[in-house]
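J.: Just a sequence and a predicted model for now, questions to come.
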Amino acid sequence: MRRKTQIVLAITFMVTAMVCSLSYVYLSEILRQRVAYAQDTANYLGDQLAHIADTETPDFTSTHVDTSNPAKLRLAIAEYFGTNLDLNAMMESAVGDWPMIQDAAILDGDGKAILHSTPSLIGKTIPNRPDFSIVQGAKFRRQLRLIYNPPIVYDVSKPLLFDGKPFGSIRLGVSTVFLKSELTARLRQAVTFSGIAILLSLLLAAGLSHIALGPLEQISRRLDNVTAGEADLVTEEEAGRDEYGLVTLKIAHLGRQMRDAREIFSALKDNVDQIMGNLQDGLMLFTRDSRVVLVSASVERFLGRPRRELLGRTVKEIFTRDSSLGALVLDGFQLRRPVGQREVESSSTKRVQVSLDFIQEKGSPIGALLTLRDAESVRQIQDEIEISRQMSASGRTTRGVAHEVKNPINAIVLHLQLLQSKLQQIDPDTRRHMDIIGNEIHRLDRVVQILVDFTRPRDLHFEEIDLRRLLEDVIMLATPDTEQHGVTVKRRLGAEPLGVKVDVDVMKQAILNVIINGMQAMPQGGTLTISARREGDSVITEIRDQGVGIPHELQEKIFELYFTTRKGGSGIGLAQTYQALQWHYGSIDFETVEGQGTTFRLRLPVTEMRAEANGRDDRAVAPGLTVPKA
């Protein structure tokens, strides 16, 4: 119920209660007065009748009436009262002039009517009726019940004396009909007055509540605007100088602060959501009472539950002791003891690295941070770092060796040419040996040149391109060789554009190396499947062959420089591809099953992510790359 309605009802109720109370007092006073008036009137008329009877009674000592005989004396008095004109006139006047008097009678000691306002009752015994003092002495509500019950006549009696001795009584009947009719008229007036007063109170309450609560409605609208982030500017002149004006100014000031805080919070929330969405590690932030308030997207992979189901839940509602991960986390929260880097098995049978840290402020715990990492991914990253380190060390060594070897080779070639020019006649065997020496020197020079090209810095020219078009170009380049080796190429490139930002020539060479590697893995022919898709913020290219697979003991070496399993292979192709993916902030990995084939997976960032991550000119310096012919 609205506050305005409550105030209107409260004021109306108070006015109604006050009117009802005043009406109660008014009616009770009216009734008391009318009852008292009826009693006083009846007493007055009774006194008048008694006075007339007493003063008008003759002296019977000088008459023939035997005054010593009480019976004859009573009979003589009764006959006199019946013929007395003053008494009869007084009785008729009492009944006719006073509406509340129903009847009047003078009774003898036996209760027989000597004189009665109703002539037919003269000489008859008049039964006793309730005394009017019952009505006069009752409380207000009982008086109402007595009056509004079926009509009844009450008696007001006065004793009648003769010579100072009781002779009979004077009775006046007071009817409740007159009291009821007069009280009903007053009651109608009171009800009418009460209705008018209550109606006026409603109007008055509505007006007062509008005047009192009108500013509150404006304040409520301003609060709604503040809640919606639309705080209005209010000056002191617009607000006024009363209490409502001061509150309005404070609300406007609070609204500006909330709007600024909302903007800051929104920006922070967007940044946090973006960070949490891109994190590979699973992060869960708990409050003091162990409820989750922040969850990264990667947690879904570890727990198999969406983020919206985790937010707001306690640690006991999320984890159970059925798994090693759940038992470790629950024990840490129960004992309030941090958990160092531990590797356990999650409910999905994945190996997970777990760490739990409790956050404190001024020595008091305020929350906890749970970190989950894929143990296999961590090991893979460590392997990639180790490969990069080895390649970097190998590159430094290669550059030094190439520089040292290049000079002797040039000297040998020069002296070989001088020796050939000095020999005028050379027998066939000697020339054949010299030609072999020359060819081997040139072949050694090409190997050294390849090493120099592999480690030499070069410029990369990035451009935005649809990866599907780049793959089509590479497939076209490899088609002659694949047809010659009996290899069928299948494409699964999809209909959605796959935007990447790469050096087109370098990336063509990198992908071509993998295609040639897969083709050479199927000497008897087969199917080479090339697919591409978008996965989150990355574009995944998969090249799958149907070769013999890579033996387990050789899997850790395939990206090493000069490592090859084929006779006559250079061992540079996959190392170049690995290097090219690193230049483009990507990665390459593979899955292989011996006897069934190998799938190489090349991962590149999408264009938008690459642009945000780079934030610099599209030119970068990287070592040179030369793709050997198949």
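T.: Nice, thanks for sending it over.

J.: In contact with the residue nearest the centre of the chain, which residues?
T.: Centroid-nearest residue in the chain: G312, 11.2 Å away (criterion: C-alpha atoms, centre = their mean). Residues touching G312, when contacts are defined by C-beta atoms under 8 Å, 6 or more residues apart in numbering, comprise 291-293. Yep, even glycine has a C-beta here, placed from its N, CA and C like the rest.

J.: Considering those, which possesses the most neighbours?
T.: V292 (21 neighbours; other C-beta atoms under 10 Å).

J.: now it, what's its secondary structure?
T.: Following DSSP: H, G, I helix; E, B strand; the rest coil, we place V292 in the strand state.

J.: which residues of the stretch 301-450 of the chain score low on pLDDT?
T.: Within the stretch 301-450 of the chain, the stretches with pLDDT under 70 are 346-350, 376-384, 386-388, 390-404, 406, 422-427, 443, 446-447, 449-450.

J.: Do a quick rundown of the helices in it.
T.: Under the criterion DSSP state H, counting those that start in this stretch, the stretch 301-450 of the chain contains helices at 307-310, 315-318, 324-335, 375-422, 428-455.

J.: For the residue nearest to the centre of the chain, what are phi and psi?
T.: phi 90, psi -10 (degrees, to the nearest 10).

J.: any idea how far it lies from M284?
T.: Separation of G312 from M284 (C-beta to C-beta, to the nearest Å): 12 Å.

J.: which residues do the two both contact?
T.: Jointly contacting G312 and M284 under the rule C-beta under 8 Å, 6+ apart are V292.

J.: quick revisit: check the gap between the residue nearest to the centre of the chain and R336 for me.
T.: Taking C-beta to C-beta as the criterion, G312 is separated from R336 by 22 Å.

J.: Then I436?
T.: Looking at I436 against R336, where the rule is C-beta to C-beta, the gap reads 79 Å.

J.: show me where the stretch 451-600 of the chain has helices.
T.: With DSSP H, counting those that start in this stretch as the definition, the stretch 451-600 of the chain shows helices at residue ranges 467-484, 504-520, 573-583.

J.: ok, and for the second one, which residues are buried?
T.: The one in question is helix 504-520. Within helix 504-520, the residues that qualify as buried are 506-520, counting by 16 or more other C-beta atoms under 10 Å.

J.: Among the residues you listed, which one sits closest to T12?
T.: The shortest distance between T12 and any of the buried residues of helix 504-520, using C-beta to C-beta, involves M507 and amounts to 83.7 Å.

J.: ok, that closest one - contacts?
T.: Residues touching M507, when contacts are defined by C-beta under 8 Å, 6+ apart, comprise 470, 580, 584.

J.: Swap in 10 Å and give it another go.
T.: When contacts are counted by C-beta atoms under 10 Å, 6 or more residues apart in numbering, M507 is found next to 460, 462, 465, 467, 470-471, 474, 500, 541, 577, 580-581, 583-584, 586, 602, 604, 625.

J.: For stretch 549-567, the averaged confidence score.
T.: For stretch 549-567, the per-residue pLDDT values average out at 77.

J.: For the stretch 151-300 of the chain, which residues score under the pLDDT cut-off?
T.: Using pLDDT under 70, the stretch 151-300 of the chain drops low at 162-164, 212-219, 222, 226-246, 248, 251, 265, 269, 271-280.

J.: In it, mark out all the helices, start to finish.
T.: According to DSSP H, counting those that start in this stretch, the helices that the stretch 151-300 of the chain contains are 176-227, 236-239, 243-278, 299-303.

J.: Show me which positions of the last one end up buried.
T.: It refers to helix 299-303. Buried residues in helix 299-303 (16+ other C-beta under 10 Å): 299, 302-303.

J.: Please point out which parts of stretch 131-141 sit buried.
T.: Neighbour counts using 16+ other C-beta under 10 Å place 132, 135-136, 138 of stretch 131-141 among the buried residues.

J.: And these, which two are furthest apart?
T.: Distances among these were taken as C-beta to C-beta; the most separated pair is F132 and A138, at 10.8 Å.

J.: Now for those two: what residues contact both?
T.: Once C-beta under 10 Å, 6+ apart is applied, the residues that F132 and A138 both contact turn out to be V35.

J.: about what we covered before: got JSON lines for the buried residues of helix 299-303, with distance to H51 too?
T.: Below are the buried residues of helix 299-303 laid out as JSON lines (distance: C-beta to C-beta, whole Å):
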{"residue": "V299", "distance to H51": "113"}
{"residue": "F302", "distance to H51": "117"}
{"residue": "L303", "distance to H51": "113"}
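
J.: closest to I366 among the residues you listed?
T.: For I366, the closest of the buried residues of helix 299-303 turns out to be V299, at 21.0 Å, with distances computed as C-beta to C-beta.

J.: neighbours of the residue nearest to that closest one when sequence neighbours are not counted, just the number please.
T.: If you skip the residues right next to it in sequence, V299 has G282 as its closest partner in space, 4.0 Å away by C-beta to C-beta, 6 or more residues apart in numbering. Applying other C-beta under 10 Å, we find 22 residues neighbouring G282.

J.: Quick check: G282 touching L369?
T.: No: taking C-beta atoms under 10 Å as the contact criterion, G282 and L369 are not neighbours in contact, 11.1 Å apart.
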